[in-house]
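> the following comprises the amino acid sequence and a computationally predicted model.
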Amino acid sequence: MKRYVGILSLALILLAGAVIFSICLGSVGMSPGEVFRILAAGGGKSTHAKILWEIRLPRVLAAVILGGGLSVSGFLLQTFFQNPIAGPYVLGISSGAKLFVAMTMIFLLDRGMMITSAGMVASAFVGSLMAMGFVLILSFRVKKMSMLVVCGILIGYICSAITDFFVTFAEDSNIVNLHNWSKGTFSGMGWEQVGMMSICILFCVAAAFFLSKPMAALQMGEAYALSLGVSVKRLRVALILLSSLLSATVTAFAGPISFVGIAVPHLMKLSMKTAKPLVLIPGSFVGGALLTLICDDIARSLFAPTELSISSVTAVFLVPVVMVMMIRRRRTE
Amino acid sequence: MNLHTENLSVGYGKKVVVDQVELTLQPGQIVTLIGPNGAGKSTILKTITRQLDPVKGVVYLGKKQLSTWQEKEIAKELSVVMTHPVSPELMTCREVVSMGRYPYTGRMGNLTAQDNEQVEKALALVHGEDTADCWFHELSDGQKQRAMLARAICQQTEIMVLDEPTSYLDMRFKLDILKVIRILAVEEKKAILMSLHELDLAQKISDLIICVDGNKISDIGTPEEIFTGNRIQKLYKIDEGCFDPETGAMFLSKEEKSPEVFVIGGGGAALPLYRKLSRKQIPFVAGILSENDVEYRVAKAGAQQVVAAKAFFPLGQEKLEEAKALLDSCKWCVGKVRDFGPGNMENQALLAYAKEKNKLISEEELWQR
């Protein structure tokens, strides 16, 4: 049996276990048996059933779907830039999405309207495409991996500065929501949002999966991909749109989440011992889902009832991975 | 399938690098581009492989313009090997080679038994079986390039374009790769277009040579036509003595100085001395050699002057007098002739003359002074 089949199966089993564990975890304790009973009954009238069905299950599903989407987005960006350090957070794409969501939120709240989830996704998508555009322009001029990261960080700073500017002049009552959201969190997810994000993310991941073959050719470099019959320009546009839509969806629903996009594809490559997109897209999705779910569990239970922002947990666990990766790469370059 | 260009100007954007590129590829023929760095060889190849758009003019593949072909269909007709091997991470050598099957595989790129057979065949042809299961990024440049060639082979195209495929390789891999290319042209009737920096190899492998010189194609012809006179020296803008078109050998240029040492040679015995004198930049003259002596080319390249008689003629009294006059202007004379016979009696006389003038010393004595 191929190594990656084993790793993928293992990751799926772990993910299933983590889902059950995460549903049980919380201030109101539940046993796995109880969870299964409630799930089998399809809900119920008890408090436990309500907590499970309306709070925990959507939250867990959101972490799974968004975490998976985020790391697939990272994988697509890495293939696009042919650069292992690319990811939606590092390249400033999440910040661009955040800026536009913040602007739209404030604009609508000023007029006494609430933003819908579709509106969030749309404005995040516009923002991430704008940020991506900037990165693209810069990446034509600078080819070096380290410089690309610096550019991304700079774009992140600019976006944060503009976001701050809007927040400073917004009504206090309007920015409470924004503040919570912009820290990055999975709390307060409802079924409507879970449905919406599932459609976006699963569509993009499936589309990316069907681009596995040309993506594998692109890993050989643009010139060779071209000579193998890949329409490189079209593939690049597809990769940009898919990865932007993925990170936009994640940012719209959960705020900017750091480092999952870089670290997870890398960890999966190392453990599966392959870089084939055909294997790595599903691998990154499952791995991203698992890691994000675990990080969310830590974020909400470590100092319960106070919740940490999800990014502070992912950063603590994943920054070392990224550092090791950069050092190793430096050595082989 | 053949490929030809019409009125083609290649370059970047609107800027023309080489104008009026007219070339035709025929099955079974190896066409080689030579020319100095930056002359535009790669620009031509990049245009033909669609990495660059033509500034002007048309590339025809078969009867149709290249730009009207579908990408996937071109990939079945034309494969590419570039100078720099790529370094995809976590791919085995076999996986890299099997990328060549891309135009033939289905939606998800899974290999059929037939695809695998082609991959193995290509690996065997380049003698790359032993490294097939190694990580590609851990291979040496030579092994990588061999795999890239195998990848192009299992793409099963009638035309192959190679951009300086041997530039970073050691002698063995250079020869290996060119040998495979020769087999592909002769046995599989592939049309091959490549650029090479190794002139001696270009001379030996090519059916047709195209000289690219800055903004134009300066010469097209068989190696026999191109490697004559001073065409190569003019193409690369080097001194005439620095290159021997008949053997493809290169020499370092010498400074014009008045000679200090006269070397009496012949038959190969003085070859090491010529090389050592050139290396130490000691100006010398050599004589009396016949033009078909094995020493003649090296002496000619290194010495300020060579006293030489026409091939198959006796050295002659006239040349002896010329040599004596030259010897008078030198400080020392070293004799490096093993045997004297009817063909070099004059050198014996010259040696006696040097002794008489008290200029004859041994090689060891020369280095001491």
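Everything's here; your move. Numbering: from 1, shown residues only, chains lettered A, B, ... in the order given.

> who in chain A is up against chain B?
A:84, A:210, A:212-213, A:216-217, A:219-224, A:226-231, A:269, A:273-276, A:278, A:332 (Cβ under 8 Å from any Cβ of the partner chain). Bear in mind the C-beta positions are built from the backbone N, C-alpha and C, glycine included.

> next one: phi and psi at the residue in the stretch 101-250 of chain B that chain A sits nearest to?
Using Cβ to the nearest Cβ, the closest approach of the stretch 101-250 of chain B to chain A is made by B:G109 at 3.6 Å. With angles defined as degrees, to the nearest 10, B:G109 sits at phi 80, psi 20.

> how about the residue of chain A found nearest chain B, nearest residue that isn't a chain neighbour?
Nearest to chain B in chain A, going by Cβ to the nearest Cβ, is A:G229, at a distance of 3.1 Å. Leaving aside its chain neighbours, A:G229 sits nearest to B:A75 (3.1 Å; criterion: Cβ to Cβ, 6 or more residues apart in numbering or on different chains).

> mind listing what the residue lying closest to A:L108 once chain neighbours are set aside touches?
Once flanking residues are discounted, A:L108 sits nearest to A:I115: 5.3 Å by Cβ to Cβ, 6+ apart. Listed by Cβ atoms under 8 Å, 6 or more residues apart in numbering or on different chains, the contact partners of A:I115 are A:101, A:104-105, A:108-109, A:123.

> quick check: the two most widely separated of these?
A:L109 and A:S123 (13.1 Å; Cβ to Cβ).

> how about the residue nearest to A:G229, phi and psi?
According to degrees, to the nearest 10, B:A75 has phi -60, psi -20.

> now swap in the one 3 residues further on and tell me
In this entry, B:L78 is assigned phi and psi values of phi -140, psi 120 (degrees, to the nearest 10).

> counting neighbours, what do you get for it?
27 (other Cβ atoms under 10 Å in any protein chain shown).

> surely it meets B:L61?
Yes. Using Cβ atoms under 8 Å, B:L78 is in contact with B:L61, at 6.9 Å.

> rewinding a little: of A:L109 and A:S123, give the one with the bigger neighbour count.
A:S123 (24 against 18).

> can you tell me the SS state at A:I257?
coil (DSSP: H, G, I helix; E, B strand; the rest coil).

> how about the residues of chain B by chain A?
B:49-51, B:71-76, B:78-80, B:82, B:86, B:88-91, B:95-96, B:99-100, B:102-103, B:105, B:107-109, B:137, B:155.

> if we go to 7 Å?
By Cβ under 7 Å from any Cβ of the partner chain, the residues of chain B that approach chain A are B:49-51, B:71-72, B:74-75, B:79-80, B:82, B:86, B:88-91, B:99, B:102-103, B:107-109.

> give the pairing partners of the helix or strand of chain B with the lowest mean pLDDT; include direction for each.
Sorting the helices and strands of chain B by mean pLDDT, DSSP states H and E puts strand B:249-250 at the bottom, at a mean of 84. Strand B:249-250 has the following strand partners under DSSP bridges: strand B:243-244 (antiparallel).

> who touches the partner strand?
The contact list for strand B:243-244 (Cβ atoms under 7 Å, 6 or more residues apart in numbering or on different chains) reads B:232-233, B:250, B:297.

> list buried residues within those residues.
B:232-233, B:297 (16 or more other Cβ atoms under 10 Å in any protein chain shown).

> export stretch A:53-61 to CSV, keeping only CA atoms.
Provided in CSV are the C-alpha atoms of stretch A:53-61 (Å, rounded to 0.1, in the frame of the first residue of the first chain):
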residue,chain,number,x,y,z
TRP,A,53,-27.1,20.9,18.0
GLU,A,54,-27.1,24.7,18.0
ILE,A,55,-23.7,25.6,19.4
ARG,A,56,-21.2,22.8,19.4
LEU,A,57,-21.9,21.0,16.2
PRO,A,58,-22.0,24.1,13.9
ARG,A,59,-18.8,25.3,15.6
VAL,A,60,-17.0,22.0,15.1
LEU,A,61,-18.2,21.7,11.5
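
> got a quick PyMOL command for the buried subset of the residues of chain A next to chain B?
Listed next is the PyMOL selection for buried residues among those, using 16+ other Cβ under 10 Å:
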select buried, chain A and resi 84+212+213+216+217+219+220+221+222+223+224+226+227+228+229+230+269+274+275+276+278
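
> among the residues of chain A next to chain B, which are in helices?
Among the residues of chain A next to chain B, the members falling in helices are A:210, A:212-213, A:216-217, A:222-224, A:226-227, A:269, A:278, A:332 (criterion: DSSP state H).

> give me the element A:L136 is part of.
According to DSSP states H and E, A:L136 maps onto helix A:117-141.

> for that helix, buried residues please.
For helix A:117-141, by 16+ other Cβ under 10 Å, it's A:117, A:119-132, A:134-135, A:138-139.

> where does the residue in chain B that chain A sits nearest to land on pLDDT?
Per Cβ to the nearest Cβ, B:A75 is where chain B lies closest to chain A, at 3.1 Å. Note on B:A75: pLDDT of 93.

> what's in contact with the least confident helix or strand of chain B?
Contacts with strand B:249-250, where a contact means Cβ under 7 Å, 6+ apart, come from B:242-243.

> what's the burial count for the residue nearest to A:G229?
Quick note: B:A75 (other Cβ under 10 Å) scores 23 neighbours.
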